[in-house]
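Asker: Below are the sequence and a predicted model; questions follow.
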Amino acid sequence: MAVVSTFRDLKIDDILLKRNEKQNEEEMQCILPQSPTTPERFLSNPYYGKGFCEPDQYKVAINRCEDGFAFCELALEMLKDLVNELQRCSESLRKWSDRSQNKITLSKEFKTNRIEVQKPWVEVLNKISEAKLAYHRTSGKLHRARRAEDITSCDVSTTDEEKKKEKRKNIYEKLINDMESKRSAYQVEMFKILGRADDFERKRLEHFKLTFTALQQATSIENDARRTEMFEKFQRAISKHNADSDIEVFNKNYGCETRTKWPVFEDVEQ
């Protein structure tokens with residue numbers, strides 16, 4: 001009998017030990033996510049149905065803070081993912097900009113063509129400017145000599161100045177005539193280059209307008225039905241959120257409005 005009694009006591013102790021281990025394991029479980037329509041009593045929740053002042057029930061308040069912190073961490077991770085996506089998008093735009101810049105540099109050929117066409121023309125203009133300056137200087141010098149009424153005493157030098165003036169005048173006029181003969185052809189070449197530049201600019205502006213419009217339509221979400229529906233649902237959920245109401249529900253199920261089971265005197269049943 002003693003052996004049976006001892007075996008029975010060990011069996012009871014083993015059952016009680018397993019029961020305590022299971023209870024401790026349940027208390028360590030996190031509160032599962034719940035929808036607003038799920039009754040608390042149907043949740044896998046070791047804290048429901050107990051008074052807040054009972055042992056370890058304070059953990060429900062700590063878990064609430066920890067869950068809120070975990071939610072904030074999750075929100076930060078989502079924002080980080082969004083930032084990474086935006087960075088990838090920005091990098092793609094930068095590469096696109098570089099490719100476009102390389103295409104734009106091709107338009108510099110208009111500058112090269114203009115220089116080639118204008119190079120001989122600039123030489124003609126420089127020669128005209130030099131001939132004009134020399135002619136005007138000689139004319140001025142001769143004019144001052146005549147006004148000084150010094151022609152008699154300086155007859156030889158005045159004659160030389162007149163010859164020099166006439167020579168420089170002829171050079172000046174000849175250069176002007178040469179320029180006039182070349183002007184039409186020069187204008188034609190310059191306007192050809194301008195026409196090419198105008199064609200390039202016209203195509204560029206049209207391409208930019210089409211590309212920008214397509215990009216705007218592709219990235220705009222203002223008229224997206226899914227976005228509108230999601231935004232409205234989010235707004236409704238936010239508008240219904242009330243911190244005082246949440247705390248009231250929490251206190252009703254877990255906090256100050258719960259009924260704590262206080263120890264009472266229990267007599268020995270005979």
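Answerer: Structure's in. What do you need? Numbering: from 1, shown residues only.
Asker: element containing residue 261?
Answerer: According to DSSP states H and E, residue 261 maps onto no helix or strand at all.
Asker: What is the burial count for it?
Answerer: Neighbours of residue 261 under the rule other C-beta atoms under 10 Å: 10. Glycine gets a C-beta too; all of them are placed from N, C-alpha and C.
Asker: Now it, what are its backbone angles?
Answerer: Per-residue torsions, residue 261: phi -90, psi 100 (degrees, to the nearest 10).
Asker: so it makes contact with residue 52?
Answerer: No: between residue 261 and residue 52 there is no contact under C-beta atoms under 8 Å: 11.4 Å.
Asker: Now residue 135: which helix or strand?
Answerer: Using DSSP H and E, residue 135 sits in helix 109-147.
Asker: Now the element after that helix, going C-ward?
Answerer: Using DSSP H and E, the helix or strand that follows helix 109-147 in sequence is helix 155-219.
Asker: I'd like the mean pLDDT over that following helix, please.
Answerer: The average pLDDT within helix 155-219 is 82.
Asker: do stretch 250-259 as well
Answerer: For stretch 250-259, the mean pLDDT works out to 84.
Asker: okay, it in PDB with CA atoms only?
Answerer: The C-alpha trace of stretch 250-259 is given here as PDB (Å, rounded to 0.1, in the frame of the first residue of the first chain):
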ATOM      1  CA  PHE A 250      -8.900  48.200 -22.700                       C
ATOM      2  CA  ASN A 251      -9.800  49.000 -19.100                       C
ATOM      3  CA  LYS A 252     -13.100  47.200 -19.500                       C
ATOM      4  CA  ASN A 253     -11.500  44.000 -20.500                       C
ATOM      5  CA  TYR A 254      -8.100  44.100 -18.800                       C
ATOM      6  CA  GLY A 255      -7.800  47.200 -16.600                       C
ATOM      7  CA  CYS A 256      -9.500  49.000 -13.800                       C
ATOM      8  CA  GLU A 257     -13.000  47.800 -14.600                       C
ATOM      9  CA  THR A 258     -12.100  44.100 -14.300                       C
ATOM     10  CA  ARG A 259     -13.000  42.100 -11.300                       C
END
